[in-house]
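Novice: what follows is a predicted protein model with its sequence.
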Amino acid sequence: MNKRFVISAAVVIIILFATGYLVHGILLRPDYARLPNLYRPQEEQTKYLPFILAAQVIAGVALVWLYRRAKNSRATILDGLQFGLAIAALMVIPKFLIYYAIQPLPGTIVVKQIFLDTIVVTLIGIVVAYLNRKEP
C-alpha cells in the first residue's frame, strides 16, 4: 500500500462520513422523521454508529482501490466524473430502488436519496481522480 492510496482512502472516508451525515442526517431528516415506523429513533441510532463508520471505511477503501485498478494514465476530472457516475449506477441507484421495492418508502424520498447520493459519489470520483493523477 502506498502513501497516495492511504491519503486517498482517508480523504474519501472523511467525505463519505461528512456527506452521509449532511444528506441523511440533515437534508433528509425531515423526510425520515415522517416515517418513524421504518427507522430507528435518533437516540437509538448512536449505538449503531460503529456500523456506519465500518461501512464508510470499507466503501472508501474499495472506491479508491477500484479507481486505481481501473484508471487510465490521465486520471482527469472527466475520468473521475465518469467513475463517480459508474459507481452511482452500480451502488446508489440499485440500492435505493431495492429499498423502495421492499420498504414502504414514498417515491419522493427515494428520488431525493438517489439524486443526493449520486452527487456524493460523483464528487468522490472527481476527488479520487484528482488525488491519483500522474504528477508532471
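Specialist: Okay, I see it.

Novice: next SSE downstream of the helix or strand of the chain with the lowest mean pLDDT?
Specialist: Lowest by mean pLDDT, DSSP states H and E among the helices and strands of the chain is helix 42-45, with a mean of 86. Next helix or strand after helix 42-45 toward the C-terminus (DSSP states H and E): helix 49-70.

Novice: and that next one, average pLDDT?
Specialist: Mean pLDDT, computed over helix 49-70, is 94.

Novice: how far off helix 49-70 does the longest helix along the chain point, in degrees?
Specialist: Longest helix in the chain, counting residues (DSSP state H): helix 107-131. Angle of helix 107-131 versus helix 49-70, following axes from the mean of the first three to the mean of the last three C-alpha atoms, to 10 degrees, is 50 degrees.

Novice: now helix 107-131: buried residues?
Specialist: Within helix 107-131, the residues scored as buried using 16 or more other C-beta atoms under 10 Å are 109-110, 112-114, 116-118, 120-122, 124-129, 131. Where you see a C-beta, it was placed from the backbone N, CA and C, and this is true even at glycine.

Novice: ok, and what's touching that helix?
Specialist: 4, 7-8, 11-12, 15-16, 19-20, 23-24, 27-28, 31-32, 35, 63-64, 67, 71, 75-77, 79-88, 91-93, 96-97, 99-100 (C-beta atoms under 8 Å, 6 or more residues apart in numbering).

Novice: and residue 11, backbone torsions?
Specialist: Per-residue torsions, residue 11: phi -60, psi -40 (degrees, to the nearest 10).
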